[in-house]
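# no sequence on this one, just coordinates:
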């Protein structure tokens, strides 16, 4: 069960290490034991509140949370895949507090934009990284080796993979996306989108990053009439941000 929609292999290991049983999980989640069995089989998908309850009950640390979220995000996003090529693995890092390094010069400040600020960006006037450096009121500190030059705070109402609005996406505005990567882009009408990007021959295909049953949307390369700009996502950070 290495690749599981609910990360059951990790949950099972945590339960064993703490001498807990599935019935204990049922009690903590206030569900029936049969529902836990359905979670184990992937017939019921855990939502963010249930995941956080499990983390709190089992005392799961940031490193294990990172492994867990990376696993379930990639498995759940596979439902938006196409047969055009290999999906780029999406990295999730859990960071419960914005770092406060002893020597701030050893860290890199990345401008943080919200949805409204992204919607105001005009690609014909300047690079996204330059716009973000000029306009962002907040910056996040990251280690120098962290990829990405712009951070985007995802609104809670987006329900991006059900992470309750704690998501920050790190964008790389210095390059074009590769086929299989997740992108953040802006439609000509001003709406911010988060999609999986595919390119083959003379077509670009954008697919939902999560959830079955969505219709695919195709545009000819070079036209892209609906997108004013788009950039690839390097990784997601789950963190608590000050208001």
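Arrived safely. Predicted model, so just to flag it, every value in this text is computed and none were measured. Numbering: from 1, shown residues only.

# in what helix or strand does residue 230 lie?
strand 227-239 (DSSP states H and E).

# Neighbouring strands - and their directions - for that strand?
Within its sheet, strand 227-239 is paired with strand 91-95 (parallel), strand 167-171 (antiparallel), strand 182-187 (antiparallel), according to DSSP bridges.

# Helices along the protein, start to end?
8-17, 22-29, 33-41, 48-58, 62-77, 115-119, 128-135 (DSSP state H).

# will you turn those into TSV that also has mean pLDDT, distance to residue 226 and mean neighbour count?
Where you see a C-beta, it was placed from the backbone N, CA and C, and this is true even at glycine. Shown next, in TSV, are the helices of the chain (pLDDT from 0 to 100; distance: least, CB to CB, whole Å; neighbours: other CB atoms under 10 Å):
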stretch	mean pLDDT	distance to residue 226	mean neighbour count
helix 8-17	95	39	16
helix 22-29	95	41	16
helix 33-41	94	38	16
helix 48-58	90	30	16
helix 62-77	81	22	18
helix 115-119	90	15	16
helix 128-135	95	18	17
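
# which stretch among the ones you listed comes nearest residue 175?
For these, proximity to residue 175 was assessed by CB to CB; helix 128-135 is nearest, at 11.4 Å.

# any idea of the angle the closest one forms with strand 182-187?
Relative orientation of helix 128-135 versus strand 182-187 (axes from the mean of the first three to the mean of the last three CA atoms, to 10 degrees): 70 degrees.

# Run through the chain and note the low-pLDDT ranges.
Low-confidence segments of the chain, defined by pLDDT under 70: 1-2, 77-106, 155-166, 210-225, 239-243.

# again, only using 50
For the chain, applying pLDDT under 50 flags the ranges 1, 80-85, 96-99, 101-102, 157-159, 164, 212-217, 219-225, 243.

# what comes up buried for stretch 136-156?
136, 138, 140, 142, 146, 148-154 (16 or more other CB atoms under 10 Å).

# out of these, who's nearest residue 12?
Taking the buried residues of stretch 136-156 together and measuring to residue 12 by CB to CB, the closest member is residue 154, at 29.9 Å.

# For the closest one, which non-adjacent residue is closest in space?
residue 167 (4.1 Å; CB to CB, 6 or more residues apart in numbering).

# and the one you found, how many neighbours does it have?
21 (other CB atoms under 10 Å).

# wouldn't it be in contact with residue 235 here?
No: the pair residue 167 / residue 235 is not scored as a contact, 10.6 Å apart, by CB atoms under 8 Å.

# Give me the common contacts of those two.
Both residue 167 and residue 235 lack any common contact, where contact means CB atoms under 8 Å, 6 or more residues apart in numbering.

# Pull the contacting residues for residue 50.
If you count contacts by CB under 8 Å, 6+ apart, then residue 50 has residue 29 around it.

# Please report how far the residue lying closest to residue 176 once chain neighbours are set aside lies from residue 226.
Excluding the flanking residues, the one nearest residue 176 by CB to CB, 6+ apart is residue 232, at 7.6 Å. Note on residue 232: its distance to residue 226, by CB to CB, to the nearest Å, is 18 Å.
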